[in-house]
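Asker: Sequence and computational prediction follow.
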Amino acid sequence: MRPVAWLRAMRLPRWTPRLSTIFFTFNALILLLPLGGIVLLRLYESVLIRRAETELVMQGAHVAAVYLHEVQRELSRSPARESTREPYGIPVPRSFRRGKAIFHPLEPRLDLAVDPILGPPEEARPTPEVADPVARAAGDSIGPALRLAQRVTLAGIRVVDCRGIVVATTRTELTLSLAHREEVRRALAGENVSLMRQRVSDEPSPPLDSISRGTQLRVFVAMPVIHGDRVWGAVVLSRTPQAVGQSLFNIRWYILGGALVLLALLVLLSVVTSRTVTRPVAELIRLTERVARGEKGVVSPLENPGTLEMRRVSEAIARMARALEERAEYIDAFARGVSHEFKTPLASMRGTIELLRDHLDEMTDEERERFLANLEQDTERLTRLVTRLTDLARADVIKPRQDVCELGPVVAAVSERFRCAGLDLTLDHDEQARAVRIAREPLEAVLTNLLDNAHQHGGPDVKVTLCTRSCRHDADQPPYIELQVRDDGPGISEANRKRVFDHFFTTARNRGGSGLGLSIVQKLVEAHGGTTRLESEPGRTVFTVTLPAAPEG
């Protein structure tokens with residue numbers, strides 16, 4: 001046998017997880033979502049890049065202000081330039097002129113998901129040109145300060161004159177040209193530039209606690225030095241942003257504390273959820289198992305269901321258990337009644353058959369006819385009983401439809417049939433009672449059983465009246481049809497009035513009564529939204545049935 005077929009033949013039970021496991025798993029997944037977002041979308045790395053950009057902008061603004069001040073001071077010391085009156089620097093294009101505004105804030109705008117990462121920066125190039133003397137003097141003044149500041153800021157800083165020649169630097173590019181770089185070219189045109197470039201390093205990744213950074217890109221910020229409408233130079237800054245791993249390592253204790261808090265909340269939520277859901281479910285399972293074992297009266301709504309849905313489920317299960325108990329009691333009583341009703345005629349038939357088998361040759365013709373007549377009566381009684389049981393079963397499961405029946409022809413036909421059977425019947429039909437919400441067949445069954453009950457119990461000279469009326473309680477209520485069967489028989493005792501609608505209860509068993517007719521009437525009427533009422537006293541018995549009237553037209 002192949003392994004797959006062998007496993008199928010084993011029919012291993014399917015694994016079903018606990019609710020507590022599901023809740024804990026879902027909560028754990030929710031906890032991991034932020035971390036997954038950081039890894040997948042690189043959001044945190046963009047934040048670090050913007051933070052590096054912000055720091056470079058702040059440093060560049062200070063360096064540009066100091067350089068501008070130094071250039072102004074050098075210009076004031078140069079009498080030759082003062083005599084020529086030539087404007088210093090190069091003009092700013094109109095698109096980048098600042099106007100008369102006092103403040104010029106710069107917002108960080110780099111986005112790792114949108115902005116491109118350019119190639120590695122080109123090295124500074126030698127140039128035959130000579131740096132402007134004023135710019136060179138100003139650069140010499142601020143150069144030592146830049147190198148001292150780099151020990152704290154870790155940023156590379158270069159100051160170029162209006163032709164792109166380095167006049168101050170934290171490195172060794174002094175007197176070399178950076179005019180060929182994109183960020184320098186745009187800054188000398190008056191634009192503030194921020195961009196990212198690839199960082200190529202032959203050194204291994206630094207440890208997490210090192211000040212060196214292992215990020216594979218570098219942020220560049222170039223800011224023009226503008227005085228009036230002319231560019232006097234530019235400040236170029238660069239820095240490697242902090243790596244995500246290093247940043248997380250630096251705040252590892254805060255992350256660990258937050259994780260512990262989230263873990264505690266997760267455990268708390270899982271415990272609360274488990275007690276709120278799984279505990280009531282376990283209680284319901286225990287109660288339903290007791291019902292399955294046949295215990296009665298053990299199911300009731302949970303006192304502490306935990307949730308609204310669980311309360312509704314427990315109430316529904318309690319109602320279902322009560323309905324099952326009532327149904328079981330009904331079936332048990334019904335089975336006992338059926339057994340009793342069948343036992344009497346069957347015993348009589350068995351006795352008659354034994355007499356005929358043992359003494360058939362000794363009997364006279366009259367005796368044989370009498371015994372055969374008894375057999376025929378018992379057979380008819382069983383036939384009527386089976387028919388009534390069938391009618392009761394149909395009435396018990398009938399589902400009312402939107403059937404409409406004309407009342408007049410039905411009551412006329414049923415009345416005529418009972419008159420032909422010898423019943424003294426008077427029909428009092430209200431012409432306003434035209435149509436009723438019930439099919440013809442169940443309506444005939446209701447009238448037939450009521451009239452048959454009056455015929456059997458009223459005596460040989462009973463007078464019966466079948467009355468129909470169209471009624472309405474008030475203008476806001478829908479109309480209904482009232483059917484009454486009245487007789488002047490001996491009436492029904494108070495003790496029997498409470499039992500007339502019970503299955504198999506009858507006082508006319510010797511006259512062929514089965515005790516099912518009134519039960520069938522009650523089931524049919526209730527199934528169609530109606531009611532059944534009994535009033536009785538000596539010399540007067542009234543059965544009143546109400547059914548919804550059909551709308552006119």
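Answerer: Perfect, I can see it now.

Asker: and residue 470, that's in a strand?
Answerer: Yes - looking at residue 470 with DSSP: H, G, I helix; E, B strand; the rest coil, it is inside a strand.

Asker: for it, which residues make a bridge with it?
Answerer: In this structure, residue 470 bridges to residue 481 when assessed by DSSP bridges.

Asker: Can you give the distance of the longest helix along the chain from its chain's centre?
Answerer: Counting residues, the longest helix found in the chain (DSSP state H) is helix 308-359. Offset of helix 308-359 from its chain centre (CA atoms, centre = their mean, to the nearest Å): 43 Å.

Asker: Where do the helices of the stretch 51-200 of the chain begin and end?
Answerer: All helices of the stretch 51-200 of the chain, identified by DSSP state H, counting those that start in this stretch, fall at 79-84, 133-153, 182-188.

Asker: So which of those has the densest surroundings on average?
Answerer: For the helices of the stretch 51-200 of the chain, the largest average neighbour count (mean count of other CB atoms under 10 Å) is found in helix 182-188, namely a mean of 21. C-beta here means a position set from N, CA and C on the backbone, and glycine is covered the same way.

Asker: which residues of this protein fall in strands?
Answerer: Counting by DSSP state E, the chain has strands at residues 90-91, 117-118, 156-160, 166-169, 193-198, 217-227, 230-239, 405-406, 424-429, 435-436, 463-471, 480-487, 531-537, 540-548.

Asker: Kindly reformat those strands as a markdown table containing distance to residue 104.
Answerer: Shown next, in a markdown table, are the strands of the chain (distance: least, CB to CB, whole Å):
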| stretch | distance to residue 104 |
| --- | --- |
| strand 90-91 | 18 |
| strand 117-118 | 26 |
| strand 156-160 | 19 |
| strand 166-169 | 22 |
| strand 193-198 | 15 |
| strand 217-227 | 9 |
| strand 230-239 | 14 |
| strand 405-406 | 92 |
| strand 424-429 | 101 |
| strand 435-436 | 89 |
| strand 463-471 | 91 |
| strand 480-487 | 87 |
| strand 531-537 | 89 |
| strand 540-548 | 84 |
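
Asker: I'd like to know which of these is closest to residue 268.
Answerer: Evaluated with CB to CB, the strands of the chain place strand 217-227 nearest to residue 268, the distance being 42.0 Å.

Asker: what's the angle from that closest one to strand 230-239?
Answerer: With axes from the mean of the first three to the mean of the last three CA atoms, to 10 degrees applied, the angle from strand 217-227 to strand 230-239 works out at 160 degrees.

Asker: Run through the neighbouring helices and strands of strand 217-227.
Answerer: Contacts of strand 217-227 with other secondary structure elements, assessed using 3 or more CB pairs under 8 Å, 6 or more residues apart in numbering; DSSP states H and E, are made with helix 43-76, helix 182-188, strand 193-198, strand 230-239.

Asker: Can you tell me which of the ones you listed is most buried?
Answerer: Most buried of the helices and strands packed on strand 217-227, by mean neighbour count (mean count of other CB under 10 Å): strand 230-239, with a mean of 25.

Asker: Now do residue 543 against residue 281, distance only.
Answerer: For residue 543, the distance to residue 281 under the criterion CB to CB, to the nearest Å works out to 49 Å.

Asker: of the two, who's got more company?
Answerer: The residue with more neighbours, out of residue 543 and residue 281 and counting by other CB atoms under 10 Å, is residue 543; that gives 23 against 15.

Asker: Now for the residue nearest to the more buried one when sequence neighbours are not counted: which residues touch it?
Answerer: Beyond its immediate neighbours in the sequence, the residue positioned closest to residue 543 (CB to CB, 6 or more residues apart in numbering) is residue 485, lying 4.7 Å away. Listed by CB atoms under 8 Å, 6 or more residues apart in numbering, the contact set of residue 485 reads 447, 450, 451, 453, 454, 464, 465, 466, 467, 542, 543.

Asker: The second one touches residue 543, doesn't it?
Answerer: Yes - in this structure residue 450 lies within contact range of residue 543 using CB atoms under 8 Å: 5.4 Å.

Asker: what's the overlap in contacts for these two?
Answerer: 485, 521.

Asker: Give me the below-cutoff pLDDT ranges for the stretch 101-250 of the chain.
Answerer: Segments of the stretch 101-250 of the chain classed as low confidence (criterion: pLDDT under 70) are 101, 201-214, 243-250.

Asker: oh, I was asking about the stretch 351-500 of the chain
Answerer: 384-385, 387-401, 473-476.

Asker: Show me the helices in it, by range?
Answerer: 365-397, 407-420, 440-457, 494-497.

Asker: Model confidence score at residue 503, please.
Answerer: According to the model's per-residue confidence, residue 503 sits at a pLDDT of 64.

Asker: can you check residue 75 too?
Answerer: The score at residue 75 is 87. That number is its pLDDT.

Asker: I'd say it and residue 89 touch.
Answerer: No - in this structure, residue 75 sits apart from residue 89 without contact. The criterion is CB under 8 Å, and the distance is 10.3 Å.

Asker: Break the chain into its domains for me.
Answerer: In the domain annotation for the chain, the residue ranges read 40-250, 292-342, 400-548 (automatic domain parsing).

Asker: In a markdown table, list those domains along with distance to residue 270.
Answerer: Output for these, formatted as a markdown table (distance: least, CB to CB, whole Å):
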| stretch | distance to residue 270 |
| --- | --- |
| domain 40-250 | 26 |
| domain 292-342 | 14 |
| domain 400-548 | 50 |
